[in-house]
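Student: Turn this into a model:
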Amino acid sequence: MSGSYVLLQFGSDLFSHRFEDLESRPAFTVYVDQQANLIVHIAREAAWSQQHPEIMGPRNSYLYFGPSKAPGYLVYGNGPEVAMVNHLRHKKDASTSRYFTAQNGKELKWKVSPQKMECLDGRSTVATWELSQPEDVFSARLTIKHSGLTMVTEILTTLYLNRMALDLDW
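Tutor: The predicted structure follows:
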């Protein structure tokens with residue numbers, strides 16, 4: 001099966017927002033678990049994932065920030081700790097693209113800008129995030145290609161991480 005899946009982002013607060021599909025089913029929730037050294041929990045929602053049996057990978061990811069929201073590490077499910085900076089790699093100093101290695105070993109790239117971000121696997125776009133228009137009831141739209149479902153939690157996690165890096169000027 002091929003095609004795309006659209007998730008609408010509700011809320012513009014990086015520390016508290018949600019994604020829903022076009023049928024209003026919750027897909028992902030982003031929220032803060034603790035306030036001391038910030039921990040952000042990204043949780044894939046069953047109401048959405050049950051509609052897509054080809055989804056693979058962990059249901060949750062956790063981002064553990066250092067003091068003053070400095071880059072810390074992230075964990076997929078119960079997996080090992082991975083430094084956030086490993087998911088925000090630059091290949092060229094002047095480039096806005098950031099690279100990460102997925103759990104399956106593939107290297108993916110985010111083309112990063114404040115209004116639009118694209119996640120690419122080689123030359124193929126697997127996800128696109130775009131800010132909404134003022135008349136929209138949602139804050140942003142995330143379109144995930146069918147091929148991205150096998151690593152959808154990693155896509156959402158690295159999207160969040162790249163948005164955070166822009167916001168905090170990492």
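
Student: quick one, helices of this protein?
Tutor: In the chain, the helices defined using DSSP state H lie at 46-49, 152-168.

Student: Any idea which of those helices gets closest to K145?
Tutor: For these, distance to K145 was read as C-beta to C-beta. The smallest value, 9.8 Å, belongs to helix 152-168. (C-beta placed from N, C-alpha, C; glycine too.)

Student: Check the helices of the chain for me and report the most buried one.
Tutor: helix 152-168 (a mean of 21; mean count of other C-beta atoms under 10 Å).

Student: quick one: that helix to chain centroid distance?
Tutor: How far helix 152-168 lies from its chain's middle: 4 Å, per C-alpha atoms, centre = their mean, to the nearest Å.

Student: what's that helix packed up against?
Tutor: When contacts are defined as 3 or more C-beta pairs under 8 Å, 6 or more residues apart in numbering; DSSP states H and E, helix 152-168 packs onto strand 39-44, strand 60-64, strand 73-76, strand 97-101, strand 107-111, strand 116-121, strand 124-131, strand 140-145.

Student: That one relative to strand 60-64, how many degrees between them?
Tutor: Relative orientation of helix 152-168 and strand 60-64, computed by axes from the mean of the first three to the mean of the last three C-alpha atoms, to 10 degrees: 30 degrees.

Student: For the residue lying closest to A140 once chain neighbours are set aside, name its beta-bridge partners.
Tutor: Nearest non-adjacent residue to A140, counting by C-beta to C-beta, 6 or more residues apart in numbering: Q9, 3.9 Å away. In this structure, Q9 has beta-bridge partners F19, A140, where bridges are defined by DSSP bridges.

Student: Identify the residues contacting Q9.
Tutor: Counting by C-beta atoms under 8 Å, 6 or more residues apart in numbering, Q9 touches 17-19, 129, 132, 138-142.

Student: Pull up the distance across stretch 143-156, start to finish.
Tutor: From its first residue to its last, stretch 143-156 covers 11 Å (C-alpha to C-alpha, to the nearest Å).
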